[in-house]
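Chemist: Turn this into a structure:
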Amino acid sequence: MRTVEAGKRIDLKNILFATDFSSCSNAALPYALSIARRFGATLHAAYVKPTDAEVFFASPESWPTVAEADEKRVQARIEQMEKQLHDLPHDVLTPRGKVAEAVASIIEEWSIDLLVLATHGRSGLGKLLMGSVAEEIFRRAACPVLSVGPNLCTKPDDEIHLQRILFATDFSEDALAALAHAISLAEEDEAQLTLLHVVEQPAAGIADAEEVNASLMFRLRQLVPAEADPWCHAECQVAFGRQFAPAAESILEVAKDRKVDLMVLGARPLHGKFGQVMTHLASTTAQILTQATCPVLTVRGVSTK
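Modeler: Residues are numbered from 1 along each chain as shown. Prediction:
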């Protein structure tokens, strides 16, 4: 997986915007456009056509009619999107197949540096990407993923200017895989970077909260390279969650209180025999993706299996 080092500008040459042409998924388009303009990147818009089995689920007699109607609908949406992308280097891709597999293939074939998509709280991780399909994309994507949820407070103008970035970590290797991106993006706009660790409280609580807080604050400060601190204005925060409350709850509260423009998280890579997806829709990452009031950048950890 392509990585960046602290102090180096993120180089985005190819951005992928995944859509099913619904109003939900198109909510992420302004972010893809703004980022592409900011970095002078080529924007690849992708709509994955359903397989023949999905299209022709109806009776055989209606297959030609269904296929023709679907093709006309897709072509009309493509033409509309072409107008929105006219001022950028771009293309519109329409592969046929399973969404997760098609997206993964596009990322590899076009050397995609960032995947942008929308999520929807009603169905877990989206209308375009539901259940294990969403989970598979987030685990398999060999590039960072910027997800735009349904609860965003504001929409971007022509240019995105990040003022406050929140990086949440549990100090695992997967979580720390996203740190370089958080630091680099903070440098890009000279944004305020907050490093956050949430302590999940056991039933008995924390015996010496002050000592625990001091130890964790030290670990957080150690994550920021000395040369990066002057321009990323790093702050560190330790939050003690309520007993038995998920870490996501505290992370979302901190993000809302600080009115952050972007959250950055590390994500576990895909593991399992034959690439089988392990669905964790109740996980910290999934809860944040569907409830965040700002875009969320997830960076996949490096698999060792």
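Chemist: drop to CA atoms for contacts and neighbour counts, all remaining ones
Modeler: Fine.
Chemist: which residues touch stretch 244-251?
Modeler: Residues from elsewhere that reach stretch 244-251, judged by C-alpha atoms under 8 Å, 6 or more residues apart in numbering: 168, 196, 198-203, 239-241, 284-285, 287-288.
Chemist: The strand ranked longest in the chain pairs with which strands, parallel or anti?
Modeler: Using DSSP state E, we find that the single longest strand of the chain is strand 192-199. As defined by DSSP bridges, the strand partners of strand 192-199 come to strand 164-168 (parallel), strand 235-240 (parallel).
Chemist: Least confident of those, on average?
Modeler: Among the strands paired with strand 192-199, strand 235-240 carries the lowest mean pLDDT, at a mean of 91.
Chemist: How far does that one sit from its chain's centre?
Modeler: Centre-to-centre, strand 235-240 and its host chain are 23 Å apart (C-alpha atoms, centre = their mean, to the nearest Å).
Chemist: continuing past that strand, what's the next helix or strand?
Modeler: helix 247-258 (DSSP states H and E).
Chemist: Please save the CA atoms from that following helix in PDB.
Modeler: Output in PDB follows, covering the C-alpha atoms of helix 247-258 (Å, rounded to 0.1, in the frame of the first residue of the first chain):
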ATOM      1  CA  ALA A 247     -15.100   4.100  22.000                       C
ATOM      2  CA  ALA A 248     -16.900   5.400  19.000                       C
ATOM      3  CA  GLU A 249     -19.300   7.300  21.300                       C
ATOM      4  CA  SER A 250     -16.500   9.300  22.800                       C
ATOM      5  CA  ILE A 251     -14.700   9.900  19.500                       C
ATOM      6  CA  LEU A 252     -17.900  11.300  18.000                       C
ATOM      7  CA  GLU A 253     -18.500  13.500  21.000                       C
ATOM      8  CA  VAL A 254     -14.900  15.000  20.800                       C
ATOM      9  CA  ALA A 255     -15.300  15.500  17.100                       C
ATOM     10  CA  LYS A 256     -18.600  17.400  17.600                       C
ATOM     11  CA  ASP A 257     -17.200  19.500  20.400                       C
ATOM     12  CA  ARG A 258     -14.100  20.500  18.500                       C
END
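Chemist: which is the next helix or strand following it?
Modeler: That would be, after helix 247-258 and using DSSP H and E, strand 262-267.
Chemist: out of the contacts of stretch 244-251, who has the most neighbours?
Modeler: Most neighbours among these, by other C-alpha atoms under 10 Å: Ala168, with 27 neighbours.
Chemist: Pro225 versus that one, what's the distance?
Modeler: 17 Å (C-alpha to C-alpha, to the nearest Å).
Chemist: before we move on, what about Ala45?
Modeler: From Ala45 to Pro225 the distance is 36 Å (C-alpha to C-alpha).
Chemist: of the two, who's got more company?
Modeler: Counted by other C-alpha under 10 Å, Ala45 and Pro225 do not tie: Ala45 has more neighbours, with 23 against 12.
Chemist: Now the more buried one: which helix or strand?
Modeler: Secondary structure assigned from DSSP H and E places Ala45 in strand 42-46.
Chemist: Ala102 now?
Modeler: Per DSSP H and E: helix 99-109 holds Ala102.
Chemist: just checking, what packs against that helix?
Modeler: Here helix 99-109 touches helix 131-140, going by 3 or more C-alpha pairs under 8 Å, 6 or more residues apart in numbering; DSSP states H and E.
Chemist: for Pro30, helix, strand, or coil?
Modeler: Secondary structure assignment for Pro30 (DSSP: H, G, I helix; E, B strand; the rest coil): helix.
Chemist: Make 45 the first number, not 1, from now on.
Modeler: Done: numbering now begins at 45, and the last item shifts to Pro74.
Chemist: burial measure for it, as a count.
Modeler: Quick note: Pro74 (other C-alpha under 10 Å) scores 17 neighbours.
Chemist: Could you check what's spatially nearest to Trp154, not counting adjacent residues?
Modeler: Counting by C-alpha to C-alpha, 6 or more residues apart in numbering, Trp154 lies nearest to Asn58, which is 7.3 Å off, once chain neighbours are set aside.
Chemist: can you pull up the bridge partners for that neighbour?
Modeler: In this entry, Asn58 is beta-bridged to Thr86, by DSSP bridges.
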